[in-house]
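> Build me a structure from this.
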Amino acid sequence: MDLFTTAHPFTTGVDISSDEFWSKPFDERDKAFARLRAEAPVSWHPPVSYPAPHGEQGFWAVTRAADITTVSMDSETFQSRNGFTLDPIGASAAGGSFFLAMDPPEHSRYRSLVSAAFTPKQIKKIDDRIAANAHLIVDDLIGAGEVDFVEACSSRLPMETVSDIVGVPASERKRVAQAAENLFGAGEAHRMAPEEAVNLKMEEAIYLYSLAKDLAAHRRANPADDLLTNLVQAEIDGHGLTDDDIGAFMLLMATAGNDTTKQTTSHTMLSLAAHPEQRDWLMKDFDGRIMGAIEEFVRHATPVMTFTRTASRDVELNGAQIAAGDKVAMFYCSGNRDESVFDNAAAFDLSRPRFPRHVAFGGGGTHFCLGNGVAKVQLRSIIGELLRRLPDITFGTPVAMKSNFVNGIESLPAHVG
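A predicted model of the protein is given here:
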């Protein structure tokens, strides 16, 4: 069957828009993406299901790694200011997304301000805290018996890291973790009716935003030797971050900076359990092999599956005629299984060459993941602690999260002796 009709052609026989499609397992969904990669690498689809009225007509699906990189690198043509999610909520969600929904030069200025706060001294402090927190998390797991691995392990380190970065006091950390789960993870909102979930997520976003804004105001008045002080004092060309900016940054960190590392941890431990030969290979020279292995952890898990842009002008992409104003969706979950780039792309192979690069941190360009370094330190620390100290941990059947954005595991039964 021909995948196209005429003009703004909707695909036929390839469903990547329905709730039913996003309820399927990752490997089953990739069969649809594999067909698109082969027959229609850039194709038009109806909008995904959404519980509120909207005016979106559809989106272009970009499914090959090379085209994802093209879109990522051209921020002038493919812009972020109108939203970055597959859901048809557009710019209405931009307020809490900080520089994810900005374009250069504004994006470049804010990104530089945040980067300037991460001095070598502060990075060393963060790395040390990550290692210490990972050790404590595994301390709590030893002898725990039956646990939900997501709750007892995977979800803990990312939120401790975010809280350390933004200076969240101990009294608020449990509440911050709960809010982050409801926003992006498998918290209470995930089990609500869509309309109720939207309202709860808005309340949680306001809480995180307000907390960080208050913390920033306190640090302006009471500076200390910490990263939050660096953030509120950072200045480039006379511009600095406002307290509102810090609030938005917290919201970004608590969502994107949390769930990505959490999901990669869960997926990686499942993959290592299913492929003991890969685990054995890694443990023969953990320190020498772990950083390359992390690239495969992230590629194979692809914790963030999609990001979108909006075309600022008429443009051709791999034969598709994209009009100004059209939504363009980059499917990282497809690009990381691109047969033309990765040999045996579905395989979990820790010795896989680091080049060509995966697109799990984005396809390059101005929006390449700012937190990728912190994510790698977290993965090195927690996976190392788990493999060295809990070699006999076993897992049950994971419960997958239904999402068109995060490749999520809602819960994962585990037995720890």
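> Just the strands from the stretch 251-400 of the chain, written as ranges.
306-311, 315-317, 320-322, 327-331, 394-395, 399-400 (DSSP state E, counting those that start in this stretch).
> Mind listing the strands the first one pairs with, and their directions?
Pairing partners of strand 306-311, with direction, according to DSSP bridges: strand 78-79 (antiparallel), strand 327-331 (antiparallel).
> Quick check: which of those is buried the most?
The highest mean neighbour count among those, using mean count of other CB atoms under 10 Å, belongs to strand 327-331: a mean of 25. Glycine gets a C-beta too; all of them are placed from N, C-alpha and C.
> about what we covered before: need the strands paired with strand 306-311 in a markdown table (columns: distance to residue 53 and mean pLDDT).
As requested, the strands paired with strand 306-311 are exported to a markdown table (distance: least, CB to CB, whole Å; pLDDT from 0 to 100):
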| stretch | distance to residue 53 | mean pLDDT |
| --- | --- | --- |
| strand 78-79 | 24 | 96 |
| strand 327-331 | 17 | 97 |
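> Check the burial of residue 115 by counting its neighbours.
Residue 115: 12 surrounding residues under other CB atoms under 10 Å.
> Just to check, it is in contact with residue 370?
Yes: Residue 115 is in contact with residue 370 according to CB atoms under 8 Å; the separation is 7.2 Å.
> quick revisit: export the strands paired with strand 306-311 to a markdown table and tack on distance to residue 178?
Converted to a markdown table, those look like this (distance: least, CB to CB, whole Å):
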| stretch | distance to residue 178 |
| --- | --- |
| strand 78-79 | 34 |
| strand 327-331 | 30 |
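> closest one to residue 63 among the ones you listed?
Ranking these by their distance to residue 63 (criterion: CB to CB) puts strand 327-331 first, at 5.2 Å.
> what's the closest one in contact with?
16, 33, 56, 58-63, 68, 71-72, 78, 86, 305-311, 317, 322, 359, 363 (CB atoms under 8 Å, 6 or more residues apart in numbering).
> So among these, which ones count as buried?
16, 33, 58-63, 68, 71-72, 78, 86, 305-311, 317, 322, 359, 363 (16 or more other CB atoms under 10 Å).
> wait, which of the strands paired with strand 306-311 is closest to residue 236?
strand 78-79 (22.5 Å).
> what are the ranges of the helices in the stretch 101-250 of the chain?
Using DSSP state H, counting those that start in this stretch, the helices assigned to the stretch 101-250 of the chain run over residues 106-117, 120-141, 149, 156-166, 170-184, 194-221, 227-233, 243-274.
> The fifth one versus helix 243-274: what angle between them?
An angle of 70 degrees separates the directions of helix 170-184 and helix 243-274 when computed by axes from the mean of the first three to the mean of the last three CA atoms, to 10 degrees.
> Give me the contacts around helix 170-184.
155-156, 159-160, 162-163, 168, 187-190, 200-201, 204-205, 207-208, 211, 251, 254-256, 258-259, 406.
> And the strands paired with strand 306-311: which comes nearest residue 398?
Using CB to CB, the strands paired with strand 306-311 put strand 327-331 closest to residue 398, at 21.9 Å.
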